[in-house]
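Novice: just the structure for this:
(2 chains)
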Amino acid sequence: DVKVTQSSRYLVKRTGEKVFLECVQDMDHENMFWYRQDPGLGLRLIYFSYDVKMKEKGDIPEGYSVSREKKERFSLILESASTNQTSMYLCASSLADLAGVRNEQFFGPGTRLTVL
Amino acid sequence: SQQGEEDPQALSIQEGENATMNCSYKTSINNLQWYRQNSGRGLVHLILIRSNEREKHSGRLRVTLDTSKKSSSLLITASRAADTASYFCATGRINKLSFGAGTTVTVRA
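Specialist: Numbers count the residues shown, from 1 in each chain, chains lettered A, B, ... in the order given. Have a look, this model is predicted:
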C-alpha cells in the first residue's frame, strides 16, 4: 500500500518560533507537494518539488520555505510562525507526469498547526 | 490558484439515496480528478477522468466530464453513512493539480 506520513498530527507553537513539518513517502515518487487547507478556501499549494533539491513556488509561498535533500522526504519550514499560519497542512506525492495524464496525488493524514 | 468550483457547498441526504455534486472549471485541462476527505484527515483519490473521456465508473461512483461546458459531475449511488465526507474536484495539468473548495456530504441513517 502506498504511504505518505507526516511527522505530527497536531502541533502547537508560539508566534516567532521556527517550525518544521516533515513528510515522507515510500512510493519512490518524483513529485512532492505541501498544501494548506482552510475552511471555505479549499487546498492551496504552498510549494512543489519535482526532484531532489528542486522546488517551485506555489500559490502562497510567502512565509514558508521547503527542503528536499532526499527523494522520499519533503520538509516545510515556517521561519517565524505567525498566527495567520494556523491551519491544516497536507503533504502529497505523485509520479512525474509531463503529459498531465496520470498525476493522481497521494496524501498524508495532515498536520493541524496552531500558532499562539 | 483555485481552478475548480464545486456545487453545492453542502448536501444532506438519506442513506440509500443518490448524491450528485458538480464541478466547474475555467481553463483547459488534461484530466479531472475527484477526491474524498473524511473529517480531519488527508484526501483520498477516488477517480480520474481524462479530457478525451466523457464518462467513467468505479463501483458506486459515476463521473461525467463535459469539456465544452468545462464541467464535471460526481454521482454516488445508494449512499451509505460511510460516504459522509467532503468531496473535492481537482483539475490536472502537467505535474500539478488545482483543487476546488469542496462539497460536504452528510448521509443520514
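
Novice: which phi and psi does residue A:32 have?
Specialist: Note on residue A:32: backbone dihedrals following degrees, to the nearest 10 are phi -140, psi 150.

Novice: what does chain B have sitting close to chain A?
Specialist: Taking Cβ under 8 Å from any Cβ of the partner chain as the contact definition, chain B meets chain A at B:1-2, B:30-31, B:33, B:35, B:40-45, B:48, B:50, B:88, B:90, B:92-102. For the C-beta atoms, the positions are set from N, CA and C on the backbone; glycine is no exception.

Novice: and these, which are buried?
Specialist: B:2, B:30-31, B:33, B:35, B:41-43, B:45, B:48, B:50, B:88, B:90, B:92-93, B:95-102 (16 or more other Cβ atoms under 10 Å in any protein chain shown).

Novice: quick one: the helices in the chain, in order.
Specialist: In the absence of a named chain, this looks at chain A. With helices called from DSSP state H, chain A shows none.

Novice: and residue A:65, bridged to which residues?
Specialist: Beta bridges link residue A:65 to residue A:77 when assigned by DSSP bridges.

Novice: ok, how many other residues are close to it?
Specialist: 13 (other Cβ atoms under 10 Å in any protein chain shown).

Novice: my read is that it contacts residue A:79, right?
Specialist: Yes. Between residue A:65 and residue A:79 there is a contact under Cβ atoms under 8 Å: 6.4 Å.

Novice: do you know the pLDDT at the residue nearest the centre of chain A?
Specialist: The centre of chain A sits closest to residue A:34, judged by Cα atoms, centre = their mean, with a distance of 2.2 Å. Per-residue pLDDT puts residue A:34 at 98.

Novice: now it, which residues is it bridged with?
Specialist: Per DSSP bridges, the residues bridged to residue A:34 are residue A:47, residue A:91.

Novice: and the gap between it and residue B:21?
Specialist: Going from residue A:34 to residue B:21 by Cβ to Cβ, to the nearest Å gives 27 Å.

Novice: next: residue A:24.
Specialist: Distance from residue A:24 to residue B:21, by Cβ to Cβ: 33 Å.

Novice: higher neighbour count, the two?
Specialist: residue B:21 (24 against 18).

Novice: pLDDT score for the closest residue to the more buried one other than its chain neighbours?
Specialist: Take residue B:21 and drop its neighbours on the chain: the residue closest to it by Cβ to Cβ, 6 or more residues apart in numbering or on different chains is residue B:103, 4.2 Å away. At residue B:103, the pLDDT value in this model is 95.

Novice: quick one: contacts for residue B:103?
Specialist: Residue B:103 makes contacts with B:6, B:7, B:8, B:9, B:10, B:11, B:21, B:86, B:87, B:88, as judged by Cβ atoms under 8 Å, 6 or more residues apart in numbering or on different chains.

Novice: looking at the residues you listed, which is nearest residue A:14?
Specialist: Comparing the contacts of residue B:103 against residue A:14 with Cβ to Cβ places residue B:86 closest, at 30.4 Å.
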